[in-house]
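# Could you look at this predicted model? Sequence included:
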Amino acid sequence: MPSEEEECERCSHPFDPHLVIATGETPFDGGIIICNVKGCQCYGTWDVPQLGGRREDIDEPDRAELEEMRERMQT
């Protein structure tokens, strides 16, 4: 994961304020990453393989859910 000072590889906004959202039953199940900048479409997934997380098991939101998250969380 990039350091606080680094830019996001996907959107070039600072990575530190990106939103890391767990989408499974526990944070170890992984989730999604979205940019906090209003209107940015940056999107990624994350997992914790050391604790049993597997990228293929990530519960990804559908398009409507993702847009709702962005509307609520982006500033």
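That came through, no problem. Numbers count the residues shown, from 1 in each chain.
# and Ser12, how many residues sit next to it?
By other C-beta atoms under 10 Å, the residues close to Ser12 number 11. Where you see a C-beta, it was placed from the backbone N, CA and C, and this is true even at glycine.
# Next: Pro61.
As a burial measure, Pro61 scores 16 neighbours (other C-beta under 10 Å).
# give me every residue that touches it.
Thr23, Ile32, Met69 (C-beta atoms under 8 Å, 6 or more residues apart in numbering).
# From Ser12, how far out is the first one?
When you say that, I think you mean Thr23. Separation of Thr23 from Ser12 (C-beta to C-beta, to the nearest Å) stands at 25 Å.
# Also the last one?
Summarising the geometry, the distance separating Met69 from Ser12, computed by C-beta to C-beta, is 21 Å.
# any idea which residue sits dead centre in this protein?
Nearest to the mean C-alpha position of the chain, counting by C-alpha atoms, centre = their mean, stands Ile33 at 0.8 Å.
# The host helix or strand of it: what's the following helix or strand?
Under the criterion of DSSP states H and E, Ile33 resides in strand 31-34. For strand 31-34, the following helix or strand on the C-terminal side (DSSP H and E) is strand 43-46.
# buried stuff in that following strand?
Residues Trp46 are the ones in strand 43-46 that count as buried (16 or more other C-beta atoms under 10 Å).
# Identify all contacting residues around it.
Residues contacting strand 43-46 (C-beta under 8 Å, 6+ apart): Met1, Arg10, Val20, Gly30, Gly31, Ile32, Ile33, Ile34, Arg55, Ile58, Glu60, Leu66.
# so where do the helices sit in the protein?
Using DSSP state H, the helices of the chain run over residues 63-73.
# Would you quantify the distance from Arg54 to Glu67?
Per C-beta to C-beta, Arg54 is found 26 Å from Glu67.
# scratch that, Glu56 is what I was asking about
Glu56 sits 24 Å away from Glu67, going by C-beta to C-beta.
# Which one of the two is surrounded by more residues?
Glu67 (12 against 7).
# List the residues that contact that one.
Going by C-beta under 8 Å, 6+ apart, Glu67 touches no other residue.
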